[in-house]
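Participant: Provided below are the primary sequence and the corresponding predicted coordinates.
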Amino acid sequence: MTTGIWILGDQLYSTQSALQNCNNPSEVAIIFIESYSHIKQLRYHKQKLVLIWSAMRHFAEELRQQGYSVTYEIAEDFQTPLESWVKENQIDQLQIMTPNDKPFLNTIEDLKLPCDINLLPNNHFLWSSEEFNNWAKNRKRLLMEDFYREGRRRFDILMEADKPIGGKWNLDKENRKPPKAKLNTPEPLWFEADEITQEVIQLVDSLDIPTYGDLKQFRWGVTRSQALKVLKYFIEIRLPDFGPYQDAMVTGEETMWHAMLSPYINLGLLQPLEIIQAAEKAYHENQLALNSVEGFIRQVLGWREYMHGIYHHVDEDYSQQNWFEHNKPLPEFFWTSETKMNCLHQILTQVMDTGYAHHIQRLMVLNNFGLIAGISPQELETWFHAAFIDAYDWVMQTNVIGMGQYADGGLLASKPYAASANYINKMSDYCKSCYYQHSKRTGEKACPFNFLYWDFLNRHRDKLKFQGRMNFILKNLDRMTPEELEMIHTLAEMVDNL
Ligand code: FAD
Ligand code: SF4
């Protein structure tokens, strides 16, 4: 029997389940496919296309060096090259690691090939879907904090016997320092594009399909060895101070102390456990602050695994949920960054330049705006998916539809992440040089985050009053006059001209 393996673009590691039992590389045929019809589905960031295709080409080359017979196809669709490769190589069985993304599973199921297709369990996460479902069953609420604690115990991370090191499971409250004084942030670790990447850059630049973003400076790593360098750099240079300013945003500081690891983990160039263990080792060996190390480990062992588990746990219609019934179209400035709102302008420009923004920029500015302005969660999700270097269906549904837009009615988040200019002004320096005034909620130059926020609370007062954590905030609405609320509503209807 001849076995063939199709390696998908986010499965670039040698221990992935389709590859891990190949003892004799010379007897296995491998195929990679770059498909144009696939990338035409969304207006992807050019750097994302370069990252994925260049990483695929590098991994294909590594497998060739190990003696595998590797075919690399650039084609319109997946069906045509797969069919002819299966016939040419007389393949009886095509092995594929089950994709993380549900839509891609449908693509595989629609293939018509003259061989069997064997889908192997995905091993890209610490928790399989089955293990997550076992954890979730019979629970009233699927709280991330409960899941995270279970993960700490299960993988024995930052534990002293059965207790958390330091006595507390979660030090989040120590990770919210506003950026008051000048911060001395470390430079990010970037890379020069090699010959393979240069070729992909030229290809992507010449594509005659709608794309997004800038390709003037492509600086992401594209191999496991580069991803390992980013991990080492993070652990040595950035992790020691990762904690305190985790939520801060500063003009011109694209990455602060953040890890910048998501593009690499999501492609399979790094594995979650090696990252978590590297951080834990540094805590013990270098006496790092616990709030930095725990804060980071919680993201990977907690949030990342939890979001993936929820994605496979929820019903098929999750992506279409819209609890607030928000239907406004996405404003054009999300694609152009041309807006007078300085916070959005800065972050959107940064996303165009790099495909990256850190968590609070994504959640409390981009997403927050979508939520309070009443933008369709599905339109916003499509934009995030296209624009971000690390975005895939599994991470988008839960982060945008669930956490960011509360479109699932609170399955995932305990309250909507809605905030006024007060929060942005406290956690960033963006308001200092903005056309709008962060202290005003009506009148000339009133900050849109203020009138949109209050209008959002007022519009959804009936739904929100049942969310225990919102009652206190809703009381403030009662202190506003009907005239002010009317004025706020009129302003909130004009989101396109901001
Ligand atoms: P750091 O904060 O320095 O490192 C933490 C690591 O933990 C990340 O590398 C990531 O792997 C993981 N992580 C933390 N939170 C999450 C989470 N909520 N979901 C998944 N992984 C998490 N993450 C993506 O990987 N791809 C996305 O497309 C993406 N889109 C997001 C959209 C929104 C609206 C929000 C609120 C969050 C999104 N996230 C996404 C989660 C998180 O913002 C990014 O993982 C993080 O900003 C990546 O940068 P970093 O590696 O420097 O992060
Ligand atoms: Fe953003 Fe408002 Fe601050 Fe301007 S004033 S930066 S729009 S929060």
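Facilitator: Now that the structure is in, tell me what you want to look at. Ligands and ions are numbered 1, 2, ... in the order given.

Participant: okay, CA-based contacts and neighbour counts for the rest of this
Facilitator: OK.

Participant: how many residues are close by the closest residue to ligand 2 within the stretch 1-150 of the chain?
Facilitator: Checking the stretch 1-150 of the chain residue by residue against ligand 2 with Cα to the nearest ligand atom singles out His45 as nearest, at 24.2 Å. When neighbours are counted by other Cα atoms under 10 Å, His45 registers 26.

Participant: do the same with Arg43
Facilitator: Look at Arg43: counted by other Cα under 10 Å, it has 18 neighbours.

Participant: you'd agree it is in a strand?
Facilitator: No - assigned with DSSP: H, G, I helix; E, B strand; the rest coil, Arg43 falls outside any strand and is coil.

Participant: wait, what's in contact with the closest residue to it other than its chain neighbours?
Facilitator: Spatial nearest neighbour of Arg43, chain neighbours left out: Thr211 (4.5 Å); criterion: Cα to Cα, 6 or more residues apart in numbering. Thr211 is in contact with Leu42, Arg43, Tyr44, His45, Lys46, counting by Cα atoms under 8 Å, 6 or more residues apart in numbering.

Participant: try Ser376
Facilitator: Taking Cα under 8 Å, 6+ apart, we find Ser376 in contact with Asn322, Glu325, His326, Asn327, Lys328, Pro329, Leu330, Gly370.

Participant: lowest-scoring secondary structure element of this protein by mean pLDDT?
Facilitator: Sorting the helices and strands of the chain by mean pLDDT, DSSP states H and E puts helix 471-478 at the bottom, at a mean of 88.

Participant: out of the contacts of Ser376, who has the most neighbours?
Facilitator: Neighbour counts for those peak at Gly370, which has 27 neighbours (criterion: other Cα under 10 Å).

Participant: that one is in contact with Gln378, isn't it?
Facilitator: No - using Cα atoms under 8 Å, Gly370 is not in contact with Gln378; the gap is 10.6 Å.

Participant: where do the contact lists of those two overlap?
Facilitator: Contacts common to Gly370 and Gln378, judged by Cα under 8 Å, 6+ apart, are absent.

Participant: Asn118 should be in a strand, yeah?
Facilitator: Yes - secondary structure of Asn118 (three-state DSSP): part of a strand.

Participant: that one - nearest residue in space that isn't next to it in sequence?
Facilitator: Once flanking residues are discounted, Asn118 sits nearest to Gln95: 4.8 Å by Cα to Cα, 6+ apart.

Participant: name the SS class of the one you found, please.
Facilitator: For Gln95, the assignment made with three-state DSSP gives strand.

Participant: surely it and Cys115 touch.
Facilitator: No - taking contacts as Cα under 8 Å, Gln95 lies outside contact range of Cys115: 10.3 Å.

Participant: comparing those two, which residue is more hemmed in?
Facilitator: Neighbour count, other Cα under 10 Å: between Gln95 and Cys115, Gln95 has more, with 20 against 16.

Participant: avg pLDDT for the longest helix belonging to the chain?
Facilitator: In the chain, with assignment by DSSP state H, the single longest helix is helix 46-65. Here helix 46-65 scores 98 as its mean pLDDT.

Participant: quick check: buried residues in that helix?
Facilitator: Within helix 46-65, the residues scored as buried using 16 or more other Cα atoms under 10 Å are 46-60, 63-64.

Participant: could you say what helices and strands the helix or strand following that helix packs with?
Facilitator: Downstream of helix 46-65, the next assigned helix or strand under DSSP states H and E is strand 69-75. Counting contacts by 3 or more Cα pairs under 8 Å, 6 or more residues apart in numbering; DSSP states H and E, strand 69-75 packs against strand 28-35, helix 46-65.

Participant: how big is the angle separating whatever helix or strand comes next after strand 69-75 from strand 69-75?
Facilitator: Using DSSP H and E, the helix or strand that follows strand 69-75 in sequence is helix 79-88. Compare the direction of helix 79-88 with that of strand 69-75 by axes from the mean of the first three to the mean of the last three Cα atoms, to 10 degrees and you get 150 degrees.

Participant: who's in contact with helix 79-88?
Facilitator: By Cα under 8 Å, 6+ apart, helix 79-88 touches Gly4, Ile33, Glu73, Ala75, Asp92, Leu111, Lys112, Leu113, Pro114, Cys115.

Participant: same check, this time on stretch 30-47
Facilitator: Under Cα under 8 Å, 6+ apart, the answer for stretch 30-47 is 4-9, 53, 56, 60, 68-78, 81, 204-205, 209-215, 218, 352, 354-355, 382, 385-389.

Participant: out of these, which are close to ligand 1?
Facilitator: Phe388 (Cα under 6 Å from any ligand atom).

Participant: list only those of the contacts of stretch 30-47 flagged as buried.
Facilitator: So, by 16+ other Cα under 10 Å, the buried ones in the contacts of stretch 30-47 are 4-9, 53, 56, 60, 68-70, 76, 78, 81, 204-205, 211-215, 218, 352, 354-355, 382, 385-389.

Participant: ok, back up a step: show me which of the contacts of Ser376 is closest to ligand 1.
Facilitator: Nearest member of the contacts of Ser376 to ligand 1, counting by Cα to the nearest ligand atom, is Gly370, at 9.9 Å.

Participant: give me the common contacts of Gln95 and Cys115.
Facilitator: By Cα under 8 Å, 6+ apart, no residue touches both Gln95 and Cys115.
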